[in-house]
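Participant: With the sequence up front, the predicted model follows.
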Amino acid sequence: MPVITYTAGIIDWNKKEIQDLDRMTRKTMNMYGGPHPRADIHRLYLPGKEGGRGLREVAATVRFQCAGLQGYINKAKEKGPLIEAVWKHPSIKGYKSKKEEMEVWETENTTKWTSIHLHGQYKRQVPEITSMENAYKWMRESTGLKIETEALITAAQD
């Protein structure tokens, strides 16, 4: 992830390369028992407070870094003609602030997970049964569970 983070906004990563990196990451994690093979992938990328596993998605990382770079260049564009020329380049436009991009991404991913008929059933029923804080408290705290055990519990919930 550090290589992706460092180069995002500088190197033009195409969609297929980003998807392939995410797929390779999930395959490697599957080999070592990280996510359950039948678990929903949207949940894998959500933070623990939302019931996810907290993995960083490559596409989201690129999106957040580009938004941050756009914000930085927007603030610094008056500092000289070179930065102003970068600001005028079309690839630097089109993002909200980094914080807003993160919120939009989290909402989109949660909606995708919830909208899946079978996998999203647990997420849809949690607010009726208990508070969100209590439902996912075990995922935020250090419980000492092995990664395989955590994967099995989340797969059972899905």
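Facilitator: That came through fine. Residues are numbered from 1 along each chain as shown.
Participant: Determine how far the lowest-mean-pLDDT helix or strand in the chain lies from the middle of the whole chain.
Facilitator: Averaged element by element with mean pLDDT, DSSP states H and E, the chain has its least confident helix or strand at helix 137-140 (a mean of 73). Relative to the mean C-alpha coordinate of its chain, helix 137-140 is positioned 18 Å out (C-alpha atoms, centre = their mean, to the nearest Å).
Participant: Tell me how many other residues crowd Thr107.
Facilitator: Neighbours of Thr107 under the rule other C-beta atoms under 10 Å: 11. All C-beta atoms are positioned from the backbone trio N, CA, C, and that covers glycine.
Participant: what about the helix or strand in which it is found, distance to the chain center?
Facilitator: Assessed by DSSP states H and E, Thr107 sits inside helix 98-115. With C-alpha atoms, centre = their mean as the basis, helix 98-115 stands 8 Å off its chain's centre.
Participant: got the contact list for it?
Facilitator: 40, 42-43, 45-47, 50, 52, 60, 63-64, 67-68, 71, 95-96, 119-120, 123-124 (C-beta atoms under 8 Å, 6 or more residues apart in numbering).
Participant: just stretch 78-95 next, same as before
Facilitator: Against stretch 78-95 from outside (C-beta under 8 Å, 6+ apart): 9, 12, 63, 66-67, 69-71, 73-74, 76-77, 101.
Participant: JSON lines for those residues, including distance to Thr110 and pLDDT?
Facilitator: Formatted as JSON lines, the contacts of stretch 78-95 follow (distance: C-beta to C-beta, whole Å; pLDDT from 0 to 100):
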{"residue": "Gly9", "distance to Thr110": "26", "pLDDT": "77"}
{"residue": "Asp12", "distance to Thr110": "29", "pLDDT": "80"}
{"residue": "Arg63", "distance to Thr110": "16", "pLDDT": "87"}
{"residue": "Cys66", "distance to Thr110": "22", "pLDDT": "85"}
{"residue": "Ala67", "distance to Thr110": "19", "pLDDT": "87"}
{"residue": "Leu69", "distance to Thr110": "26", "pLDDT": "84"}
{"residue": "Gln70", "distance to Thr110": "24", "pLDDT": "83"}
{"residue": "Gly71", "distance to Thr110": "24", "pLDDT": "85"}
{"residue": "Ile73", "distance to Thr110": "30", "pLDDT": "82"}
{"residue": "Asn74", "distance to Thr110": "28", "pLDDT": "80"}
{"residue": "Ala76", "distance to Thr110": "34", "pLDDT": "79"}
{"residue": "Lys77", "distance to Thr110": "34", "pLDDT": "73"}
{"residue": "Glu101", "distance to Thr110": "15", "pLDDT": "88"}
